[in-house]
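S.K.: Fold the following for me, if possible:
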Amino acid sequence: MPMTENSQPSSTSRGPADLVLAAFQALRMKQWIKNLLVFAALIFAIEFQDMEKVMRACMAFASFCMISSAGYLFNDSRDRAADALHPKKCKRPIASGRLPVGLAYVEMVTILVIGFGIAWALGAQFALIALLYFCTTMSYTFYFKHHVIVDVMFISAGFLWRAAAGAVAIAVVISPWLLTCTAFLTLFIGFNKRRSELGTMAGKGNATRKNLMHYTPDLLKEYQAITTSGTIISYALYTVLSEHTDWLLLTLPYVLYGIFRYIFLVSSMDEGEEPAETLIKDKPLLATVILYGITAVAILLWAPAPPQ
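M.R.: Numbers count the residues shown, from 1 in each chain. Next comes the predicted model:
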């Protein structure tokens, strides 16, 4: 019998190769780009010339990739019925039926054990932060994702745990500037994500996320303006007050362009619902992030220290 437009493919009609592919796709590896934040402390503390600390930061990255993917598997398994109604999320392996729910839970437990095993190898303090991150994501999935404003704040909290974990992994002091800039930037991205989702689900009854009915375009524009200002001001202050060098101010144009470009993509191009995919897909934005990284590392390595 031919498949209708709304029918879901049966996992039994597909071979083992597609099942393995679906299991890998369910990890949402594109989202691992978010975990690159664990390297921030390594870079801005200028510890990236110490290979032992580089290795520990890489282990921290791997740990968070496993733990975050376990969260994605659980979230997709729990929300599979709602995701099936979404124009984009319906193509995910679990929502489409390509990956059976039982196998998804087995995969989740397996990578969760691997992730926390790596975390424990980095020390009890790192493992505790990894556990707090996982608890934050689970509490978001179970409860806070359905509550307006708090939902975005919990997304931001997940990034703060990543930033803190990167500092703990290499045993450096957690910079308040790192946490402040991370908080404002992730709130900015989070509220823009909601704005994009609101546009995507217009006229569809907001079926896939109940709290979207509490957001309005005007309200999200206000939040966008506040978090944009906070991101730019906090980063500008960090560059001016940096203890390493005054030359980091040269990276501010990258930050300004990146933020303005992102607002353009959300407002005019209907992007931003999946921030990681937006970054990878938009060449100007991706080039800006890469050039920012190269410039920041070069300045931290070779620029003179500020006068005492």
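
S.K.: switch to C-alpha atoms for all contacts and neighbour counts from now on
M.R.: Noted.

S.K.: Isn't I174 up against W161?
M.R.: No - using C-alpha atoms under 8 Å, I174 is not in contact with W161, being 10.9 Å away.

S.K.: So these two - more neighbours on which side?
M.R.: Under the criterion of other C-alpha atoms under 10 Å, the comparison of I174 against W161 puts W161 first, with 20 against 16.

S.K.: Who's the closest spatial neighbour of the more buried one, skipping the chain neighbours?
M.R.: Once flanking residues are discounted, W161 sits nearest to Y133: 5.7 Å by C-alpha to C-alpha, 6 or more residues apart in numbering.

S.K.: so who does the one you found touch?
M.R.: Contacts for Y133 (C-alpha atoms under 8 Å, 6 or more residues apart in numbering) come out as 158, 161-162.

S.K.: Among the residues you listed, which lie within strands?
M.R.: In strands, defined here by DSSP state E, there are no members of the contacts of Y133.

S.K.: Using neighbour counts, pick out the buried residues of the helix or strand that contains I118.
M.R.: When secondary structure is defined by DSSP states H and E, I118 falls within helix 101-121. In terms of neighbour count (16 or more other C-alpha atoms under 10 Å), helix 101-121 has its buried residues at 101, 104, 107-108, 111-112, 115-116, 118-120.

S.K.: now, which of the residues you listed sits nearest H86?
M.R.: Proximity of the buried residues of helix 101-121 to H86, judged by C-alpha to C-alpha, is greatest for V101, which lies at 18.4 Å.

S.K.: which helices and strands sit right next to the helix holding I118?
M.R.: Using 3 or more C-alpha pairs under 8 Å, 6 or more residues apart in numbering; DSSP states H and E as the contact criterion, the secondary-structure elements in contact with helix 101-121 are helix 51-78, helix 124-142.

S.K.: 10 Å instead, please
M.R.: helix 16-25, helix 51-78, helix 93-96, helix 124-142 (3 or more C-alpha pairs under 10 Å, 6 or more residues apart in numbering; DSSP states H and E).

S.K.: to the chain's geometric centre, what's the distance from it?
M.R.: Using C-alpha atoms, centre = their mean, to the nearest Å, the mean C-alpha position of helix 101-121 is found 19 Å from that of the whole chain.

S.K.: roughly how far apart are the spatially most central residue of the chain and W161?
M.R.: What sits nearest the mean C-alpha location of the chain, by C-alpha atoms, centre = their mean, is K34, with 3.7 Å. Distance check for K34 against W161: by C-alpha to C-alpha, to the nearest Å, it reads 12 Å.

S.K.: Also C65?
M.R.: When C-alpha to C-alpha is applied, the distance between C65 and W161 equals 13 Å.

S.K.: Next step: the contacts of Y133 restricted to helices.
M.R.: 158, 161-162 (DSSP state H).

S.K.: okay, the lowest-mean-pLDDT helix or strand in the chain in CSV with CA atoms only?
M.R.: Of all the helices and strands that make up the chain, the one with the lowest confidence by mean pLDDT, DSSP states H and E is helix 80-83; it has a mean of 82. Coordinates of the C-alpha atoms in helix 80-83 are reproduced here as CSV (Å, rounded to 0.1, in the frame of the first residue of the first chain):
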residue,chain,number,x,y,z
ARG,A,80,7.9,11.9,19.3
ALA,A,81,4.2,12.4,18.9
ALA,A,82,4.4,16.2,19.0
ASP,A,83,7.5,16.2,16.8
